[in-house]
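>>> compute the structure for the input listed below.
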Amino acid sequence: MDNEEPTLKDLNFRALHGISVAVCGTVGSGKSSLLSCILGEMPKISGEVKVCGSTAYVSQSPWIQSGTIEDNILFGKEMERDWYEKVLEACSLIKDLEILQHGDQTVIGERGINLSGGQKQRIQIARALYQDADIFLFDDPFSALDAHTGSQVFKECILGLLASKTVIYVTHQVEFLPTADLILVMRGGKIAQVGKYQEILESSNEFMELICAHKNSLSALDSISVNKVDAFSLNQETEIAESAEETNTTIPQGQLVQEEERERGKVGVLVYWKYITTAYKGALVPLVLLAQIFIQVLEIASNYWMTWAAPVSEDMAPPVSSMVLIIVFATMALGSSLCTLAWALLLATAGYKTATILFEKMHLSIFRAPMSYFDSTPSGRILNRASEDQSEVDTSVPYLIGSYAYAIIQLPATILIMSLVTWQVFVVFLPVTALCIWYQRYYIETGRELSRLIGVCWSPIIQQFTETLTGSTTIRSFGKEMDFKGRNGRLMDDYSRPNFYSTAAMQWLSLRLEMLSSLIFALCLVFLVTIPANLIDPGISGLAVMYGLSLSTEQSFIIRSFCALEISMISVERISQYTSITSEPPLFTQKDVSLGDSWPIQGEIMLENLQVRYAPQLPFVLRGISCTFPGGMKSGIVGRTGSGKSTLTQALFRIIDPTVGRILIDNVDICTIGLHDLRSRLSIVPQDPTMYEGTIRNNLDPLEEYTDAQIWEALECCQLGDEVRNKEFKLDSPVTENGENWSMGQRQLLCLGRVVLKKSKILVLDEATASVDTATDILIQKTLREHFSDSTVITIAHRITSVLDSDMILLLDNGIAVEYDTPTKLLEDKSSKFSQLALEYMARTV
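Residues are numbered from 1 along each chain as shown. A predicted model of the protein is given here:
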């Protein structure tokens with residue numbers, strides 16, 4: 001680590017109070033690292049960083065908490081209604097909240113799963129604005145917004161509410177640079193240029209290249225001769241009301257995330273039956289019981305043998321020789337030991353096998369669950385059942401079942417011995433037993449529900465830890481560490497409270513059972529003492545004392561074991577719930593065989609009256625789309641936030657199935673083939689790039705299907721060849737969890753490298769280059785045209801220039817295909833909505 005090149009070096013700049021600083025540069029130049037340095041999130045080698053005032057930070061990858069939209073914006077501050085309304089207006093959130101049934105009280109799923117990327121970014125910006133800090137740091141949040149919304153938010157926030165604040169914003173949109181008081185141009189971890197827009201433009205060739213790349217990308221729009229004022233007036237006249245993003249699955253009858261499911265009342269007989277029959281269909285259960293019976297018989301026999309064969313006093317002649325006594329006793333003791341060993345092995349085998357099968361079923365059920373399940377189920381709940389409940393099933397349940405069965409078999413033997421010697425004790429034993437059972441039933445109702453409550457209360461703690469770790473930078477930048485510590489403490493209290501009550505309730509039961517057990521043993525001793533000496537053998541009398549003590553202990557143990565078993569079986573009950581999650585459609589079908597390895601050959605995608613909604617009670621998100629994406633051609637999909645772009649992608653991959661209509665690929669209805677064959681033949685680069693801990697090599701080629709030469713070729717295609725080549729370990733360069741040691745733009749490019757390697761016939765790009773500069777975007781688009789020249793490429797983009805070279809453009813508006821034609825024809829028609837979007841993009845320069 002000491003020999004690594006510093007990420008940032010030779011930094012010298014001062015941002016005075018009330019100025020706005022724009023930071024620009026190519027991918028991986030150190031823009032985000034500069035903000036991290038200011039926040040103190042990077043280890044400092046030398047120099048000083050002074051931050052005078054409170055800070056608010058908006059990350060490049062949105063961090064959203066589980067909770068309501070209002071909670072996310074307030075972020076621990078008291079509600080000031082007037083300021084709150086101003087912030088919502090500035091962030092263009094008013095219309096979004098009006099459409100949501102619960103408004104700002106809508107519960108956001110984990111990581112904001114039921115919001116669009118643009119909505120999440122605007123909520124992040126609103127959170128920062130509401131804090132009314134002294135210094136605001138924005139890490140390229142505008143790349144997730146469409147042209148109109150981005151310009152609106154930039155004007156209202158940066159140039160409006162924050163006009164008197166210190167603002168440092170990273171951006172790839174060079175059209176946002178002219179209004180900055182100071183511009184920093186980053187290159188190779190250094191500040192290459194500092195100054196005002198016009199000054200740098202005249203003195204820096206590198207900055208000029210960034211500007212020229214943007215202007216060149218607009219060259220195709222030159223035919224639209226309209227000034228900025230006209231464009232914005234046109235924009236206002238034709239503004240399409242933003243709706244909730246297509247991924248919004250808020251249920252009208254309630255919130256997306258409901259309270260965790262938990263059963264009521266006693267654990268069902270079917271839960272017990274399922275547990276004991278899971279392993280080998282219950283074949284080991286009779287063997288376990290048989291071993292327990294042999295253990296009990298041999299134990300009683302050995303005790304009786306010693307009582308009968310050993311003389312009580314020296315003047316009595318032993319009935320057998322010492323050798324016979326020892327051999328018989330040793331034989332029975334050895335037999336008992338072997339039976340105990342067999343019992344333990346059988347119990348461990350059955351318990352291990354059952355726990356393994358239950359875990360595998362739960363694991364498979366979760367992995368085969370549809371995306372809608374993960375949208376509404378926080379990860380903490382899943383982790384809780386896969387850890388705490390599974391641990392209980394692994395260790396406690398087999399032991400408790402074995403112990404309970406052992407005690408149940410031992411009790412009749414003890415009763416038999418006692419009935420032969422001091423049968424009078426049963427006059428008290430029976431009513432005391434009835435009282436113990438009453439205590440047990442009284443306790444179990446409370447203990448069972450407390451145990452379920454404990455399981456439910458542990459899930460939010462896991463979720464809180466996960467969210468806190470993910471958003472640690474944001475939390476520290478806002479100075480909210482103590483708030484989150486307090487929240488964690490409250491959650492721990494919520495968990496500890498029922499835990500304490502559960503322990504106290506068990507002690508309450510144990511005290512009463514022990515008192516009643518002591519009463520039975522005391523009466524047993526009284527009866528033995530009062531029996532005339534000539535009526536009972538002294539050895540048998542001693543045996544009766546031993547079993548009298550055992551009787552009282554067993555009675556208490558059986559009841560406590562049953563209560564503990566009933567509570568532990570709740571873990572089996574909770575895991576069983578997760579083994580019956582509604583599954584996605586099958587991975588394979590009979591039709592897969594007839595497709596052949598080369599399908600799809602043409603890559604033609606046909607949509608026939610496609611209508612999609614996320615739940616039966618929700619309105620349609622896609623409403624009767626019919627069009628054809630020709631095979632081997634490039635198609636662009638554009639539209640405002642909430643128009644249905646991402647929903648169309650999800651329908652293509654069968655993340656959600658069409659409610660009405662069909663999607664055909666090469667004349668094959670995708671709903672008739674298995675998910676594995678469908679998804680393995682398609683490729684996608686998502687807006688939120690996914691990287692795994694490991695190396696560059698196994699991130700690009702996780703299945704080890706390609707040679708190093710092919711991997712290097714893919715890296716060159718996605719403009720990362722030089723970057724990786726400069727690393728010490730080249731293709732084996734480490735990638736940390738979630739790719740945190742790579743910039744957002746580099747992560748997007750690496751994900752692009754994956755699909756370049758795979759080279760599918762159909763490729764979907766969902767804002768794949770949103771986090772890269774315009775110059776790199778142009779190079780990527782050129783590479784894709786060459787590398788996927790015979791493939792069907794569908795590009796979803798807010799950056800209009802990314803789709804201008806497409807063969808066809810599909811414009812969606814509120815789930816309807818409004819326009820579908822070539823870019824040239826759409827641009828020539830001044831009344832087309834695509835032309836209006838292009839006008840907005842051109843007029844974006846503030």
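>>> packing partners for the longest helix seen in the chain?
Longest helix of the chain, by residue count under DSSP state H: helix 481-530. Using 3 or more Cβ pairs under 8 Å, 6 or more residues apart in numbering; DSSP states H and E, the elements in contact with helix 481-530 are helix 426-470, helix 538-577. The C-beta positions use only the backbone N, C-alpha and C, and glycine is treated the same way.
>>> for Ala405, find the nearest of those helices.
Of all these, it is helix 538-577 that lies closest to Ala405, at 9.3 Å by Cβ to Cβ.
>>> avg pLDDT for that closest one?
Mean per-residue pLDDT for helix 538-577: 77.
>>> one more: stretch 8-16?
Here the mean pLDDT over stretch 8-16 is 85, rounded to a whole number.
>>> please identify the buried residues of it?
Across stretch 8-16, burial judged by 16 or more other Cβ atoms under 10 Å covers 8, 11, 15.
>>> tell me how far the ends of it are from each other?
21 Å (Cα to Cα, to the nearest Å).
>>> C-alpha coordinates for stretch 824-835, CSV please?
This file holds the C-alpha atoms of stretch 824-835, laid out as CSV (Å, rounded to 0.1, in the frame of the first residue of the first chain):
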residue,chain,number,x,y,z
THR,A,824,-33.9,12.6,-39.2
LYS,A,825,-37.6,12.5,-39.8
LEU,A,826,-38.5,13.2,-36.2
LEU,A,827,-36.1,16.2,-36.1
GLU,A,828,-37.4,17.6,-39.4
ASP,A,829,-40.9,17.6,-37.9
LYS,A,830,-40.8,20.6,-35.6
SER,A,831,-44.1,19.5,-33.9
SER,A,832,-42.7,16.1,-32.9
LYS,A,833,-42.1,15.5,-29.2
PHE,A,834,-38.6,14.2,-30.0
SER,A,835,-37.8,17.5,-31.6
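>>> and that stretch, how far out from the chain middle?
Centroid displacement of stretch 824-835 relative to its chain, using Cα atoms, centre = their mean, to the nearest Å, is 42 Å.
>>> if we can go back for a sec, among the helices and strands packed on helix 481-530, which comes closest to Asp669?
Asp669 lies closest to helix 538-577 among the helices and strands packed on helix 481-530, at 33.9 Å (Cβ to Cβ).
>>> quick revisit: which one of the buried residues of stretch 8-16 is nearest to Thr774?
Leu8 (23.7 Å).
>>> distance of that closest one from Thr166?
Using Cβ to Cβ, to the nearest Å, Leu8 is found at 20 Å from Thr166.
>>> and after the helix or strand of the chain with the lowest mean pLDDT, which helix or strand comes next?
The weakest-scoring helix or strand in the chain, judged by mean pLDDT, DSSP states H and E, is helix 228-237 (a mean of 34). Scanning forward in sequence from helix 228-237 by DSSP states H and E, the next helix or strand is helix 269-278.
>>> not counting sequence-adjacent ones, nearest residue to Arg747?
Pro689 (3.9 Å; Cβ to Cβ, 6 or more residues apart in numbering).
>>> in what element of secondary structure is Leu811 found?
Assessed by DSSP H and E, Leu811 sits inside strand 808-813.
>>> do Ser151 as well
If you go by DSSP H and E, Ser151 is part of helix 147-153.
>>> what mean pLDDT would you report for the longest helix of the chain?
For helix 481-530, mean pLDDT rounds to 85.
>>> and Leu450, how many neighbours?
A count of nearby residues for Leu450, using other Cβ atoms under 10 Å, gives 21.
>>> surely it meets Tyr501?
Yes. Leu450 lies in contact with Tyr501 (Cβ atoms under 8 Å); the separation is 5.6 Å.
>>> separation between Ser372 and Pro586?
Distance, Ser372 to Pro586, using Cβ to Cβ: 17 Å.
>>> more crowded one of these two?
Applying other Cβ under 10 Å to Ser372 and Pro586 shows that Ser372 carries more neighbours, namely 17 against 12.
>>> report the contact partners of the nearest residue to Lys274 once chain neighbours are set aside.
Distances taken as Cβ to Cβ, 6+ apart place Ser576 nearest to Lys274, at 6.4 Å, with adjacent residues excluded. Ser576 makes contact with 271, 274, 358, according to Cβ atoms under 8 Å, 6 or more residues apart in numbering.
>>> relative to Thr776, how far out is Ser576?
Applying Cβ to Cβ, the value for Ser576 to Thr776 is 51 Å.
>>> same deal with Val297?
Going from Val297 to Thr776 by Cβ to Cβ gives 81 Å.
>>> where does the stretch 101-250 of the chain dip in pLDDT?
Judged by pLDDT under 70, the stretch 101-250 of the chain has its weakly predicted residues at 109-114, 204-250.
>>> Asn609 belongs to a helix?
No. Per DSSP: H, G, I helix; E, B strand; the rest coil, Asn609 lies outside any helix segment and is strand.
>>> partners of Cys627 in the sheet?
Taking DSSP bridges as the rule, Cys627 bridges to Leu607.
>>> equivalent analysis for the one 10 residues further on, please.
Counting by DSSP bridges, Ile637 forms beta bridges with Ile796, Leu810.
>>> which residues touch it?
Contact analysis of Ile637 by Cβ under 8 Å, 6+ apart lists 645, 648, 794-796, 803, 809-812.
>>> run the last query once more with 6 Å
645, 796, 810 (Cβ atoms under 6 Å, 6 or more residues apart in numbering).
>>> can you tell me how far the last one sits from Phe834?
By that I understand Leu810. 9 Å.
>>> pick out the residue closest to the middle of this structure.
Taking Cα atoms, centre = their mean, the centroid of the chain lies closest to Ser379, which sits 4.1 Å from it.
>>> my read is that Leu411 contacts Gln555, right?
No. Using Cβ atoms under 6 Å as the test, Leu411 is too far from Gln555 to be in contact (7.5 Å).
>>> more neighbours: the two, which one.
Remark: of Leu411 and Gln555, Gln555 carries more neighbours, 22 against 17, as counted by other Cβ under 10 Å.
>>> mind listing the strands for the stretch 51-200 of the chain?
Assigned by DSSP state E, counting those that start in this stretch, the stretch 51-200 of the chain shows strands spanning 55-58, 67-68, 107-108, 135-139, 166-170, 182-187, 190-195.
>>> now swap in the stretch 551-700 of the chain and tell me
Along the stretch 551-700 of the chain, counting by DSSP E, counting those that start in this stretch, strands occupy 605-612, 622-629, 634-638, 660-665, 668-669, 682-685, 694-695.
>>> between those strands, which gets nearest to Tyr439?
Among the strands of the stretch 551-700 of the chain, if distance is taken as Cβ to Cβ, the winner is strand 694-695, at 56.6 Å.
>>> quick one on the thing from earlier: any idea which of the strands of the stretch 551-700 of the chain is most buried?
Each of the strands of the stretch 551-700 of the chain was scored by mean neighbour count; the highest is strand 634-638, a mean of 25, by mean count of other Cβ atoms under 10 Å.
>>> convert that strand to PDB, retaining C-alpha atoms only.
Only the C-alpha atoms of strand 634-638 are listed here, as PDB (Å, rounded to 0.1, in the frame of the first residue of the first chain):
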ATOM      1  CA  LYS A 634     -29.800   0.400 -33.500                       C
ATOM      2  CA  SER A 635     -32.900   1.800 -31.700                       C
ATOM      3  CA  GLY A 636     -33.100   4.600 -29.100                       C
ATOM      4  CA  ILE A 637     -35.700   4.900 -26.500                       C
ATOM      5  CA  VAL A 638     -36.300   8.400 -25.000                       C
END
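>>> can you pull out the helices in the stretch 601-750 of the chain?
645-652, 675-680, 696-700, 708-717, 721-725, 744-758 (DSSP state H, counting those that start in this stretch).
>>> between these, which gets nearest to Ile417?
When those are compared by Cβ to Cβ, helix 675-680 sits nearest Ile417, at 64.1 Å.
>>> run the chain-centre distance for the closest one.
Per Cα atoms, centre = their mean, the centroid offset for helix 675-680 relative to its chain is 23 Å.
>>> list the buried residues for stretch 71-85?
So, applying 16+ other Cβ under 10 Å, buried residues of stretch 71-85: 71-75, 77, 84.
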